[in-house]
Each structure stands twice: as C-alpha cells, then as structure tokens.
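Build me a structure from this.
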Amino acid sequence: MIGVNTWVWASPLRDTQARGLLGHVADLGFDAVELPLEQPGDLTVAATRSALADTGLTPCVVGAMAPGRDLVQADAATVRSTQDYLKACVDLAEGIGAAAVCGPFYAATGRVWRMSPQQRQDAWAQWREHLAPVVEHAASAGVRIGIEPLNRYETSLVNTVDQALEGLGELLDGPLGAHVGLALDTYHLNIEERSSADAVRRAGDHLVHVQVCGNDRGAPGGDQTDWPAILDALTDVSYAGPLVIESFTADNDTIATAASIWRPLAPTQDDLASDGLAFLRSLTSGDDL
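Residues are numbered from 1 along each chain as shown. Below is the predicted model:
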C-alpha cells in the first residue's frame, strides 16, 4: 500500500480543502493518504469520513509538534495542552478508521538542548510519564501511537531507533506496549543511522508506520538511498503497513521553514508525488507492501 501526505500540497489541511485534495490524491493512483492534524478542529470526523468514503483511500493520521507542544522540561499547563492535542489526534484517527497516529511526540520540532547522559535519562523518564496518558487514550480507542525519531537539527532528544527504544522503555515492555511503537522516516534515518536497513530491523515488531522520501526530501527514487535494502529489511520484520511519501509544499511559510524547504524539490508538487508513486510501484511490484 502506497500513500502520500497532504503536506506535499497544502498546510494546514482543513475540511474545506479535504474533499478536493483527497480526490486528487486518489486520481493520482495512491492507495492511502496521510492526514496531518495541525490544530484540533482543522479536520472533523464527519467531513473527513465522507471524503475518504468517496475516494476509497486508507487514512493515516500524523501530528505536528509546533512550538509550545512539549512533554519534557515544560510547565504543567504546556504538558496538559500537548496531551490534549495528541488525544485530539487519536480521536480523529478513531473516528475515521485510521490505525495509527504518528509523529515526534516528545518535544517541539526544532527545540534542541545539550544533555548529559543522566539528564537524558531523566528527560526520557519524564517523557514516558507524560506520554503514558496519551497511549492509554489510544489503547481505549484501538489506535497505535508511532513515535518518530528526528534528525539532530530538529531535536536533541530522540534521533535514532536505539534512543527511541531505550527512551520508551517500560512503555514498550508493559501492558501498553501493543499500543505504542516507532514511526520511521527514511529522511531522518539517512542522516542519523549508520544503516537505515539495520535500523528498520532493530525496530522490529515495534514498527508502526513508515514514511519515505528521497535523501533530499524530494520524491523517492533516483537518490542516494539504498531502497532495495530498506525493502528487504521491511520484509524481514514483516511490516505490512503503508509506505507514505512525506514531503512539503514551499508555499506555506510555517511548514517550509520547519522542514527547511528552501528550493523546489520537483518541477511541480504533482510531479513529486507521481514520480515517487511510480518508483515505489516498481520497487514493490510483487510484494505485499
């Protein structure tokens, strides 16, 4: 199953745009669509379910950790508002039939600070404490939370698969473990991991979701990424979820700045999506992905 994030074309995505954009995604030939909920209320269950029904697309939900959304080293009000936001993402996922909600659910994207080894352990403990109510909410909704490691320029807390596994700790090993895991993005793997394929294997059965793009943030294919090795690793861990192209429009100041999109990554955004889809179809032909 191959999908695309609507950030390729629009940010934020709201009810007024969803039907037309999801129709366009389906017309391009995608099987799934990744829906970012930037603010609670941008997308409502009724309108999104109707648009999905018209297109037959399988939905995924991702969250955006904008400035002020933090679960670590933050005041109680910030933690509560972040938890409430993540629970709203879960509620949308439950309402539209999405299996998972994914994103870097620990600190605001772009927030970095130095930590000693003990300070990192303390931050991870705080993260687990504050993430647990969100995972409990997801468990009650039948939704999985996928935690995304980001590259060193976007966070200093969770950069690698190994850090994510260690940081989640008892959340993974305890009764909530079936409802939390990892969401991996090939762009970040390419920067932080010695081997993207080996990182996928280390994630193993904790792998919830996979986002794909070229090493330059453009369409997958024709770039430096060893795509056959990554596909082999996904097969080794029996990953059966979608491969979702995640890239970004440069037409929105906030999202372009957050993702450092300073130049066009394709002649058009449709070209980015279509070229990536064609490559992934050729790569996965005969596979179950």
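
contacts, neighbours, all on C-alpha from now
Fine.

and Thr249, what pLDDT?
Confidence at Thr249, expressed as pLDDT, is 79.

which SS state does it fall under?
When classified by DSSP: H, G, I helix; E, B strand; the rest coil, Thr249 comes out as coil.

Could you pull up the contacting residues of it?
Going by CA atoms under 8 Å, 6 or more residues apart in numbering, Thr249 touches Trp7, Val8, Trp9, Ala10, Ser11, Ile255, Ala256, Ile261, Gln269.

Enumerate every residue touching the third one.
Pointing back at Trp9 there. Phe248, Thr249, Gln269.

now with 6 Å?
Listed by CA atoms under 6 Å, 6 or more residues apart in numbering, the contact set of Trp9 reads Thr249.

how close does it sit to Val210?
In this structure, Trp9 and Val210 are 20 Å apart, going by CA to CA, to the nearest Å.

Kindly report the same for the first one.
Here the criterion is CA to CA. By it, Trp7 lies 16 Å from Val210.

Please apply the same query to the fourth one.
Note on Ala10: its distance to Val210, by CA to CA, is 21 Å.

More neighbours: those two, which one.
Counting neighbours by other CA atoms under 10 Å for Ala10 and for Val210 shows that Val210 has the greater number, 22 against 19.

Show me what the helix or strand harbouring that one pairs with in its sheet, parallel or antiparallel.
In this structure, Val210 sits in strand 207-212 according to DSSP states H and E. According to DSSP bridges, strand 207-212 forms sheet pairs with strand 180-185 (parallel), strand 243-245 (parallel).

Contacts made by the helix or strand just after the longest one with the rest, please.
To tie it back to what came earlier, the one meant is strand 180-185. The helix or strand immediately downstream of strand 180-185 is helix 186-192, counting by DSSP H and E. For helix 186-192, contacts defined as CA under 6 Å, 6+ apart pick out Leu150, Asn151, Ser196, Val212, Asn215.

Repeat the analysis, applying 10 Å as the threshold.
Helix 186-192 has contacts (CA atoms under 10 Å, 6 or more residues apart in numbering) with 148-154, 159-161, 193, 195-197, 199-200, 210-218, 220, 224-227, 230, 245-247.
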